[in-house]
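1. Provide a 3D model corresponding to the input given below.
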Amino acid sequence: MGTPGFAVPTLRALIESENDVVAVITKPDTPKGRGRRVIPPPIKTLTIDYNIPVLQPEKIRTEGFYSELKEYEPDVICVAAYGKILPKNILNLPPQGCINVHASLLPKYRGAAPINWAIIKGEEITGITTMMMDEGMDTGDMLLQKEVKIEVEDDAESLSEKLSLVGAELLLETIRLQKQGRLTRIPQDHSKATYAPILKKEDGIIDWRKPSEEIKNLIRGTLPWPSAHTTVDGKNLKLYKAEVSNGMGKPGEAILSESGILRVATGDGSIDVTEIQIEGGKKLPIQAFLIGRKIPSGTIFGK
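-> Numbers count the residues shown, from 1 in each chain. Take a look at the predicted model:
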């Protein structure tokens, strides 16, 4: 069970292993873009080359879907970023249980967006946890964990790609140990749990009163959506890359805007914006952006 690109390496690893992938469950195809062209989930695209049955239920809490799933007689259900909470009858269906590949070191960052929030919160280490699923939100017993360093140049997209590869390897190891009867279930310490809820558009709003490092982390952590954003002259402005810089001014004030540099004051200093997109325009390096649109020094971003 999986949906986005994060789940693709896990499915590919399972297919190429000695395990038998009897079916893939993913979300329905969705219309995207201005033309509203219907696009299949990345996980479905991978199955085409392997002739694996794909189930795309609108709802999974129905007798019809449960009956269909039961016909495959799964020994174990593997889950990687499927995007739906599994009901009790599905959790109890496979004799070896349901194993989730979660992109954090549980019990930290339970929830739908652990990669984003780990970066936003300034973590230096994250990782993958394989866990037995229960009816809670990432509350089941842990199986294996592997740490992954968050590099300073990582954003949510690059870190997701790295973690997806680690997750695939760790799941295969988990299943191997499960077959050998050598898996140890480790209950989570719920008192140490933190949460990573699904991102909302307002989570990307830049508060220029915050420290430079926090704003940079917000920019890194909110890619590809909702992106860190602010306003200028009544238009929305998305910031894709920035570096901590020197200089002081009123938070949100452009204190330098020349020679391909856009330096904006923060709560404790400033940042240099290096990639940007204004409402109705294209994503551009800052040098190209400033050629086409002047941002006079003293301009105030945001409220």
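2. ok now the worst-scoring helix or strand of the chain on mean pLDDT, how far from the chain's centre?
-> Ranking every helix and strand in the chain by mean pLDDT, DSSP states H and E puts strand 30-32 at the bottom, with a mean of 87. Relative to the mean C-alpha coordinate of its chain, strand 30-32 is positioned 19 Å out (Cα atoms, centre = their mean, to the nearest Å).
3. sheet partners, orientation included, of the next helix or strand after it?
-> Later in the chain than strand 30-32, the nearest helix or strand by DSSP states H and E is strand 37-39. Neighbouring strands of strand 37-39 in its sheet, by DSSP bridges, are strand 30-32 (antiparallel).
4. got a list of contacts for the partner strand?
-> For strand 30-32, the external contacting residues (Cβ atoms under 8 Å, 6 or more residues apart in numbering) are 37, 38, 39, 41. (Glycine included, C-beta is placed from N, CA and C.)
5. swap the cut-off to 10 Å and go again
-> Identification of contacts with strand 30-32 by Cβ atoms under 10 Å, 6 or more residues apart in numbering yields 3, 36, 37, 38, 39, 40, 41.
6. same question, stretch 44-59
-> Counting by Cβ under 10 Å, 6+ apart, 1-3, 5, 7-9, 11-12, 15-16, 21-29, 39-41, 43, 64-66, 68-69, 72, 84 sit against stretch 44-59.
7. how does the chain divide up, domain by domain?
-> As given by automatic domain parsing, the domain ranges for the chain are 5-192, 201-292.
8. next, format those domains as JSON lines and append distance to residue 298 and mean neighbour count.
-> Shown next, in JSON lines, are the domains of the chain (distance: least, Cβ to Cβ, whole Å; neighbours: other Cβ atoms under 10 Å):
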{"stretch": "domain 5-192", "distance to residue 298": "29", "mean neighbour count": "17"}
{"stretch": "domain 201-292", "distance to residue 298": "7", "mean neighbour count": "18"}
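9. turn those into TSV, including distance to residue 301.
-> Converted to TSV, the domains of the chain look like this (distance: least, Cβ to Cβ, whole Å):
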stretch	distance to residue 301
domain 5-192	19
domain 201-292	5
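10. for residue 302, find the nearest of those.
-> domain 201-292 (4.4 Å; Cβ to Cβ).
11. quote the end-to-end distance of the closest one.
-> Distance across domain 201-292, first residue to last, is 27 Å (Cα to Cα, to the nearest Å).
12. chain center to that domain: distance?
-> 22 Å.
13. show the average pLDDT along the helix or strand hosting residue 64.
-> Assessed by DSSP H and E, residue 64 sits inside helix 63-70. In this model, helix 63-70 has a mean pLDDT of 97.
14. and what of stretch 205-212?
-> Mean predicted lDDT for stretch 205-212 stands at 98.
15. so residue 159 makes contact with residue 120?
-> No. The pair residue 159 and residue 120 fails to qualify as a contact (Cβ atoms under 10 Å) at a distance of 11.6 Å.
16. any common contacting residues for the two?
-> 220, 221.
17. which ones are touching residue 246?
-> Going by Cβ under 10 Å, 6+ apart, residue 246 touches 212, 255, 263, 269, 270, 272.
18. try it again with 8 Å
-> Here residue 246 is in contact with 269, 270 (criterion: Cβ under 8 Å, 6+ apart).
19. same question for residue 70.
-> Here residue 70 is in contact with residue 93 (Cβ under 8 Å, 6+ apart).
20. how close does residue 9 get to residue 43?
-> Residue 9 sits 10 Å away from residue 43 when distances are taken as Cβ to Cβ, to the nearest Å.
21. so what's the residue lying closest to residue 266 once chain neighbours are set aside up against?
-> Closest residue in space to residue 266, ignoring its immediate chain neighbours: residue 212 at 4.5 Å, by Cβ to Cβ, 6 or more residues apart in numbering. Residues touching residue 212, when contacts are defined by Cβ under 8 Å, 6+ apart, comprise 244, 245, 266, 267, 268, 269, 270, 271.
22. and what about the last one, helix, strand or coil?
-> The three-state label for residue 271, taken from DSSP: H, G, I helix; E, B strand; the rest coil, comes out as strand.
23. what pLDDT does it get?
-> Looking at residue 271, its pLDDT is 98.
24. same check on the one 3 residues further on?
-> With respect to pLDDT, residue 274 scores 97.
25. now the residue nearest to it when sequence neighbours are not counted: which helix or strand?
-> Of all residues not flanking residue 274 in the chain, residue 241 sits nearest, at 4.5 Å (Cβ to Cβ, 6+ apart). Using DSSP H and E, residue 241 maps to strand 235-245.
26. helices or strands next to the helix or strand that that strand is followed by in the packing?
-> Once strand 235-245 ends, the next helix or strand along the chain (criterion: DSSP H and E) is strand 254-258. Identification of packing neighbours for strand 254-258 by 3 or more Cβ pairs under 8 Å, 6 or more residues apart in numbering; DSSP states H and E yields strand 261-265.
27. kind regards, and thank you for your time.
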